[in-house]
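Participant: what's the 3D shape of this:
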Amino acid sequence: MFGFGNNENTVKAKIEDLRPGHFIELQGGWFAHDFVRSKFLIESPRVIDELRAANIKTVLVHLDKSTIPFPAPPDIDFERPAAPPAGASTPPTPMLSEARSATNAPATMQEALQRGSEMRRRQEAAEAAHATALQETQFVMKNMLAPGAAVAERTRAFVGDAVSTVMSDDATLHLLSSRQGEMSLRFHSLQVMTLSLLTGKRLELSETELQDLATAALFRDAGIGRLQDSVRMSAGGGSRIEQEAYQSHVLYSVEMAKSSSAVSKPALAAILTHHEAFNGTGYPKKLAGEDIPLLGRILAVADRYDYLVNPTASPLGMTPAEALAKLFQQEGARFDKRVLHAFAKSIGIYPPGSIVQLSDSRYGIVIGVNTDALMCPSVLVYEPSVPKSQAPVVDLLETADLNIKNCVVAAMVPKEVLDYLNPRGRVAYFYSRSS
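Facilitator: From the prediction side, this is the model:
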């Protein structure tokens, strides 16, 4: 697969082993290739296609300058544009210099400010929709045992609207700034529903499956309300007795959800299995692999991610990038890799809420995801010459020589930068349409 290069910070790599985020060096000098530079960061899968089209077989990867490990974790398989239909003429693949000059012209400050204004407009709409959804989540969870069909109908309407929004072509995932202190069950349930729906859409679930998934996400932890406060706050930790007591919430949740006609059998199965693990170490039945329903496997990933960034017993959790890395690197055996891949593609390699440092040394916070180029999110940039209410936003997909150098933790960021970027204590995601 790979061999050592000329020093401990480089390795020789085949083209098929490259991923966006690898910093490479082309060998043989300028006469050996048509690229404008011999050393650069791969920012898009298209660059890898250009290298292949240029008949370049191997390159050097600079480990210290790459933003992801080499070899890359096998978990993320970057998608490529669909092939043209048979008989269609295929345009020649441009070299890197042509592609950048044609599509990646540097964004001006004015463009960045305008983009920031538009992003804030859409975020305000998402904030309002999220506030309404939180109220509706609280209502259906609180009244799920009420007699009659009214609550079930209201649940179906709420879930149907959520699925319709997520399935729309112009749906956008937003990082929200409101309710930073929210630690309630309704908040966690709505976040898991949002993340699950985005993952389910990526997995191309049907509309009915998405409705079942969203319903299960809402009610999967309903039984936690029956636990003692100390057990509930332990979140599965503590003594063995406390762990077993906490795990009983799954059966309580199923029992409660059965009383609602809005909860289908597939949704009940997802509720029952959302704490099962792909390697058989979960609960309550220690199921493994595909014995766990797909909807339960999706809920398991979304639930764990949101717990890492929004822990129940603390206002401070992991950064989104840290949480995603933990899922892949330390806990990957617990999850279906196909689901984990889809989840990562839904929220990006640098999930919204990640604090990053750009290649020009500026700090920023990721606020949007380019799902076709996961290394190139939209970043709100620290610009002290501009009021933070008008902060510029840079779309890294549209910049020529700007990329993410690394993710940083809040403790390593200057206070004035943190005050400007305003990273969230609670990481809240929600979606909106452009209209």
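
Participant: Report the beta-bridge partners for Val59.
Facilitator: Bridge pairing for Val59 (DSSP bridges) gives the partners Ala13.

Participant: Surely it touches Phe23?
Facilitator: No. Using C-beta atoms under 8 Å, Val59 makes no contact with Phe23, being 10.0 Å away. C-beta here means a position set from N, CA and C on the backbone, and glycine is covered the same way.

Participant: which ones are touching the residue nearest to the spatial centre of the chain?
Facilitator: Geometric centre of the chain, nearest residue: Ile347, 1.9 Å, by C-alpha atoms, centre = their mean. Taking C-beta atoms under 8 Å, 6 or more residues apart in numbering, we find Ile347 in contact with 173, 195, 198, 320, 324, 369, 429.

Participant: Next: Ala112.
Facilitator: Contact analysis of Ala112 by C-beta under 8 Å, 6+ apart lists 381, 392-394.

Participant: Which of the helices or strands spans it?
Facilitator: Assigned by DSSP states H and E, Ala112 belongs to helix 109-142.

Participant: Just the buried positions in that helix, please.
Facilitator: Using 16 or more other C-beta atoms under 10 Å as the test for burial, helix 109-142 gives 111-113, 115-116, 119-120, 123, 125-127, 129-130, 133-134, 136-138, 140-141.

Participant: now swap in stretch 207-227 and tell me
Facilitator: Neighbour counts over stretch 207-227 (16+ other C-beta under 10 Å) mark 209-224, 227 as buried.

Participant: Poorly predicted segments of the stretch 101-250 of the chain, please.
Facilitator: Across the stretch 101-250 of the chain, the ranges flagged by pLDDT under 70 are 101-108, 177-183, 234, 236-237.

Participant: quick one, helices of the stretch 251-400 of the chain?
Facilitator: Counting by DSSP state H, counting those that start in this stretch, the stretch 251-400 of the chain has helices at residues 265-273, 294-309, 320-329, 337-347.

Participant: Could you export the contacts of Ile347 as CSV, including distance to Asp303?
Facilitator: Compiled in CSV, the contacts of Ile347 are given as follows (distance: C-beta to C-beta, whole Å):
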residue, distance to Asp303
Leu173, 18
Leu195, 9
Leu198, 14
Pro320, 15
Leu324, 14
Val369, 20
Tyr429, 14
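
Participant: tally of neighbours for Arg232?
Facilitator: The local packing of Arg232 (other C-beta atoms under 10 Å) involves 18 other residues.

Participant: who touches it in this structure?
Facilitator: By C-beta under 8 Å, 6+ apart, the neighbours of Arg232 are 224, 246, 312.

Participant: repeat that with 10 Å
Facilitator: 185, 221, 224-226, 245-246, 249, 312-313 (C-beta atoms under 10 Å, 6 or more residues apart in numbering).

Participant: what's the answer for Cys376, then?
Facilitator: 20, 43-44, 104, 348-350, 369-370, 394-399, 402-404.

Participant: how about a cut-off of 6 Å?
Facilitator: Residues near Cys376 by C-beta atoms under 6 Å, 6 or more residues apart in numbering: 43, 370, 396-397.

Participant: quick one: the strands in the stretch 301-435 of the chain?
Facilitator: Using DSSP state E, counting those that start in this stretch, the strands assigned to the stretch 301-435 of the chain run over residues 355-358, 363-368, 378-381, 393-395, 404-407, 428-432.

Participant: Which members of the buried residues of stretch 207-227 are positioned in helices?
Facilitator: Using DSSP state H, the subset of the buried residues of stretch 207-227 located in helices is 209-219.

Participant: which residues in the stretch 51-200 of the chain form strands?
Facilitator: Under DSSP E, counting those that start in this stretch, the stretch 51-200 of the chain gives strands at 58-62, 172-176.

Participant: want to throw these into TSV with distance to Pro377 and mean neighbour count?
Facilitator: Shown next, in TSV, are those (distance: least, C-beta to C-beta, whole Å; neighbours: other C-beta atoms under 10 Å):
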stretch	distance to Pro377	mean neighbour count
strand 58-62	22	21
strand 172-176	10	22
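
Participant: can you tell me which of those comes nearest to Lys337?
Facilitator: Taking C-beta to C-beta, strand 172-176 is the member of these nearest to Lys337, at 22.1 Å.

Participant: picking up where we left off before, which one among the contacts of Ala112 gets closest to Tyr305?
Facilitator: Val393 (24.4 Å).

Participant: so that closest one touches Arg115, yeah?
Facilitator: Yes. If you go by C-beta atoms under 6 Å, Val393 and Arg115 touch, sitting 4.5 Å apart.

Participant: Give me the pLDDT for the residue lying closest to Leu251 once chain neighbours are set aside.
Facilitator: For Leu251, ignoring the flanking residues on the chain, the nearest one in space by C-beta to C-beta, 6 or more residues apart in numbering is Pro284 at 6.4 Å. On the pLDDT scale, Pro284 is placed at 95.

Participant: tell me the contacts of the closest residue to Pro311 other than its chain neighbours?
Facilitator: Leaving aside its sequence neighbours, Pro311 sits nearest to Gly317 (C-beta to C-beta, 6+ apart; 4.7 Å). Gly317 makes contacts with 308-311, as judged by C-beta under 6 Å, 6+ apart.
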